[in-house]
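Novice: give me the fold of what follows.
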Amino acid sequence: MTDFAAVGRDYAEHSGSARGRLRHDLVAHRLLAELPDRPSTVLDVGCGDGEMTLRLAAAGHRVTAVDPSEGMLAAAARRIAARPELAPRVRLLEAGVHDLPFATERFDAVCCHGVLMYLDESATAVARLAGLLAPGGLLSVLTKNRAAIGVREALRGDYAVARALIEGGAGTSVGNLGMPTRGDTAEELDRLAAAQGLVPLPWQGVRIFHDHRADWTPDPEEYRLALATERAASERDPYRRLGRLVHTLARRPLPTGGASGPARSR
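Specialist: As a prediction, this is how the structure comes out:
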């Protein structure tokens with residue numbers, strides 16, 4: 001896995017940009033809608049500088065945030081320290097997706113956002129993450145959309161690069177941090193989740209219309225309208241298939257005769 005300590009500043013700048021906010025807002029909206037109204041235990045794998053961890057904690061959930069980068073964890077710790085009311089709901093651990101230190105602990109939800117694209121393959125990670133879910137638990141995976149590789153480059157006018165990616169059926173391309181990243185399709189991620197006994201839920205495409213706008217600085221009203229438009233398209237074909245990122249969700253079934261699922265439903 002990439003050591004994000006070396007690119008932490010670039011990641012923070014992207015995460016705080018309008019494009020980064022679109023990602024976080026779209027993913028958080030869908031994720032929080034699938035979680036119960038009651039406080040739940042959530043594992044945030046690859047938490048980075050803590051953006052989703054803070055959003056989950058602010059919604060009342062208890063979050064275990066893990067990342068393999070000491071530098072990223074330090075950034076997350078600083079952000080959490082600035083929100084002392086949330087600190088009791090968060091614990092930070094240094095670990096990667098393949099060495100998660102949970103032998104018996106199980107979670108109501110496991111998030112893995114922006115991680116699989118840096119791994120050689122996804123099956124091993126999905127199996128490990130699925131194994132950490134409690135009955136009724138939710139798996140949330142956000143990664144690069146293989147089906148849309150080449151779209152960003154074409155919209156930016158990098159036609160030679162886009163054509164090579166599209167005609168070659170490329171599975172990797174250069175990501176936001178300047179490094180090659182690998183893509184997955186929603187169908188493949190759903191298949192991997194189902195192989196672990198989970199039930200896939202409807203997936204969404206993330207950043208369909210604004211991914212190529214690197215220097216986009218909208219005013220609040222423009223951002224509101226952009227977010228609403230992205231959200232409207234995020235779960236509708238054919239639009240969602242053009243999203244730079246794909247957000248899949250799957251749930252571990254409750255035992256027969258168990259209690260009902262989350263209080264909130266779609």
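
Novice: quick one: pLDDT of the residue nearest the centre of the chain?
Specialist: The residue lying closest to the centre of the chain (Cα atoms, centre = their mean) is residue 113, at 2.6 Å. Residue 113 is assigned a pLDDT of 98 by the prediction.

Novice: contact partners of stretch 49-64?
Specialist: 8, 11-12, 15, 24, 27-28, 31-32, 35, 39-44, 47, 65, 72, 75-77, 79-80, 83, 86, 89-91, 93, 107, 109, 111, 113 (Cβ atoms under 8 Å, 6 or more residues apart in numbering). The way it works is simple: take the backbone N, C-alpha and C, and place the C-beta from them, glycine included.

Novice: can you select the buried ones from those in PyMOL?
Specialist: Typed into PyMOL, the line below selects the buried ones among the contacts of stretch 49-64, using 16 or more other Cβ atoms under 10 Å:
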select buried, resi 8+11+12+15+24+27+28+31+35+40+41+42+43+44+47+65+72+75+76+77+79+80+86+89+90+107+109+111+113
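
Novice: among the contacts of stretch 49-64, which are in strands?
Specialist: Counted as lying in strands by DSSP state E, out of these, are 41-44, 65, 90-91, 93, 107, 109, 111, 113.

Novice: if we can go back for a sec, surely the residue nearest to the centre of the chain is in contact with residue 142?
Specialist: Yes - Residue 113 lies in contact with residue 142 (Cβ atoms under 8 Å); the separation is 3.9 Å.

Novice: okay, and the common contacts of these two?
Specialist: Shared contacts of residue 113 and residue 142, counting by Cβ under 8 Å, 6+ apart, come down to residue 27.

Novice: between whichever helix in the chain runs longest and strand 107-113, how many degrees?
Specialist: Criterion DSSP state H: the longest helix present in the chain is helix 18-34. For helix 18-34 against strand 107-113, the angle by axes from the mean of the first three to the mean of the last three Cα atoms, to 10 degrees is 160 degrees.

Novice: about what we covered before: among the ones in strands among the contacts of stretch 49-64, which one lies nearest to residue 134?
Specialist: Using Cβ to Cβ, the shortest approach to residue 134 within the ones in strands among the contacts of stretch 49-64 belongs to residue 107, at 6.2 Å.

Novice: bridged to the closest one, which residues?
Specialist: residue 133 (DSSP bridges).
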